[in-house]
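Asker: Sequence and predicted model, in that order:
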Amino acid sequence: MNAYLLLANGMVFAGKSVGAAGVTVGEVVFATGMVGFQETLTDPSYYGQIITQTYPLIGNYGMNRQDMESDRIWARGYIVREACTTPSNWRCETTLDAFLKQNNIIGIEGVDTRHLTRVIRESGVMNGAILTGFDPADPANRPRTDALLERIRAYAVTDAVKSVTCAAPEVHNPDGAPHIALMDYGCKRNIVRCLVKRGCRVTVLPAFATAADVQALAPDGIMLSNGPGDPAEAVECIQNLKEIFALGIPTFGICLGHQLSALAAGAKTTKLKYGHRGANQPVTDFESGRTFITSQNHGYAVVGDSLPAQVGTVAQVNANDGTCEGVKYHCWNCFTVQFHPEANGGPKDTEFLFDRFLHNVNAAKEAR
């Protein structure tokens with residue numbers, strides 16, 4: 001079946017349908033990872049977006065239940081150069097096409113993803129639609145195309161955190177210690193796994209849990225998870241964080257958790273032209289002088305210069321564009337990073353940050 005990608009600027013890319021049929025509208029972004037396509041699809045941070053994979057062959061080792069970062073696909077669509085139909089791996093349970101169909105996700109293959117990526121890099125992320133059923137480039141379909149373009153241009157990612165957070169608290173490794181409260185802004189499962197494998201008891205809380213909710217658990221530490229959307233729109237979460245930080249509990253924030261912390265501290269965030277999405281982003285750490293290769297997935301960044309000096313210090317920057325990648329706070333027992341130390345699949349260079357966090361947790365326990 002033929003499929004088409006229609007961008008907000010009117011460009012049309014023709015290809016073949018993969019996954020479900022129909023029409024889907026979202027924000028078109030690109031991800032540069034060579035592997036980890038299942039983790040990408042099931043990462044809640046991609047809520048509201050249509051993902052373009054820059055690597056040309058996707059699905060070559062298939063899909064399985066163990067590599068899910070959440071219970072479902074959160075992306076609104078999927079664009080690949082070639083979708084592998086004959087995956088080869090002992091853990092493979094199904095193909096990419098079947099996995100997309102199971103999740104009712106519309107995709108397209110056969111697109112020149114290098115060309116598309118250059119368009120996004122030069123113009124910035126833009127809305128688009130993947131569709132089957134009619135060719136939007138055919139003059140005979142002009143009325144339908146114009147109507148779809150109007151819908152595309154009006155689209156916006158809204159209620160992102162509210163849409164992806166858990167409905168009720170969840171406890172993992174109940175006999176473990178120390179006890180970590182994990183704020184779920186769109187949490188990837190591997191954050192939980194990284195804590196549990198270090199012996200922690202983890203209580204996952206809905207994104208809008210209050211300081212009183214957190215205090216009632218008497219946790220030893222607090223994790224702030226990744227998540228989707230414009231961080232400045234999560235006003236309730238930002239206000240709650242101001243009160244949660246006042247509890248004095250050691251805290252570690254990742255991705256959206258990093259951005260929300262900065263906003264709670266009085267800093268600003270900004271939307272990047274095309275974001276950082278992939279497993280090959282270099283981050284320079286000022287304290288060690290080292291540059292780490294990290295996995296990232298974000299379209300917004302903290303404006304480092306806007307962080308009040310008495311509140312915190314920029315601790316890491318992106319070695320490509322100099323954007324803020326981490327903050328060490330002076331007023332709170334807290335540090336945050338923009339990248340993903342729990343990366344799966346991706347580099348493990350910065351997983352030691354979980355150990356740094358737990359060192360802070362244990363030090364605070366001993367000081368009581």
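Answerer: Thanks, I have the structure now. Every value quoted in this text rests on a predicted model; they were computed, and no experiment measured them.

Asker: Would you state the helices of the stretch 101-250 of the chain in chain order?
Answerer: With DSSP state H, counting those that start in this stretch as the criterion, the stretch 101-250 of the chain has helices at 113-123, 142-154, 160-164, 189-196, 211-217, 235-245.

Asker: Using a markdown table, lay out those together with mean neighbour count, mean pLDDT and distance to Ala20.
Answerer: C-betas here are computed from N, CA, C, even on glycine. Shown next, in a markdown table, are the helices of the stretch 101-250 of the chain (neighbours: other C-beta atoms under 10 Å; pLDDT from 0 to 100; distance: least, C-beta to C-beta, whole Å):
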| stretch | mean neighbour count | mean pLDDT | distance to Ala20 |
| --- | --- | --- | --- |
| helix 113-123 | 15 | 97 | 20 |
| helix 142-154 | 14 | 97 | 17 |
| helix 160-164 | 21 | 97 | 20 |
| helix 189-196 | 21 | 97 | 24 |
| helix 211-217 | 15 | 97 | 38 |
| helix 235-245 | 18 | 97 | 32 |
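
Asker: Reformat the ones you listed into TSV and put distance to Phe252 next to each item.
Answerer: Below are the helices of the stretch 101-250 of the chain laid out as TSV (distance: least, C-beta to C-beta, whole Å):
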stretch	distance to Phe252
helix 113-123	32
helix 142-154	38
helix 160-164	18
helix 189-196	10
helix 211-217	14
helix 235-245	12
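
Asker: Looking at the ones you listed, which is nearest to Ser288?
Answerer: Taking C-beta to C-beta as the criterion, helix 189-196 is the member of the helices of the stretch 101-250 of the chain that comes nearest to Ser288, at 20.4 Å.

Asker: Would you mind listing the residues in contact with Val327?
Answerer: Counting by C-beta atoms under 8 Å, 6 or more residues apart in numbering, Val327 makes contact with 258, 261-262, 265, 302, 307, 312-315, 335-336.

Asker: Run through the bridge partners of it.
Answerer: Val327 forms beta bridges with Val314, Thr336, as assigned by DSSP bridges.

Asker: Need the pLDDT of it.
Answerer: Looking at Val327, its pLDDT reads 98.

Asker: buried sites along the lengthiest strand in the chain?
Answerer: For the chain, the longest strand by residue count, based on DSSP state E, is strand 268-285. Using 16 or more other C-beta atoms under 10 Å as the test for burial, strand 268-285 gives 269, 272, 274-279, 281, 283-285.

Asker: can you list the residues you listed in JSON lines and add distance to Val204 and pLDDT?
Answerer: Below are the buried residues of strand 268-285 laid out as JSON lines (distance: C-beta to C-beta, whole Å; pLDDT from 0 to 100):
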{"residue": "Thr269", "distance to Val204": "24", "pLDDT": "98"}
{"residue": "Leu272", "distance to Val204": "28", "pLDDT": "96"}
{"residue": "Tyr274", "distance to Val204": "31", "pLDDT": "94"}
{"residue": "Gly275", "distance to Val204": "26", "pLDDT": "94"}
{"residue": "His276", "distance to Val204": "26", "pLDDT": "96"}
{"residue": "Arg277", "distance to Val204": "24", "pLDDT": "95"}
{"residue": "Gly278", "distance to Val204": "26", "pLDDT": "91"}
{"residue": "Ala279", "distance to Val204": "25", "pLDDT": "89"}
{"residue": "Gln281", "distance to Val204": "26", "pLDDT": "94"}
{"residue": "Val283", "distance to Val204": "27", "pLDDT": "97"}
{"residue": "Thr284", "distance to Val204": "32", "pLDDT": "97"}
{"residue": "Asp285", "distance to Val204": "28", "pLDDT": "97"}
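
Asker: what's the closest of the residues you listed to Leu247?
Answerer: Distance to Leu247 across the buried residues of strand 268-285 (C-beta to C-beta) is lowest for Thr269, with 23.8 Å.

Asker: can you tell me which helix in the chain is longest?
Answerer: The residue-count maximum for a helix in the chain (DSSP state H) belongs to helix 352-367.
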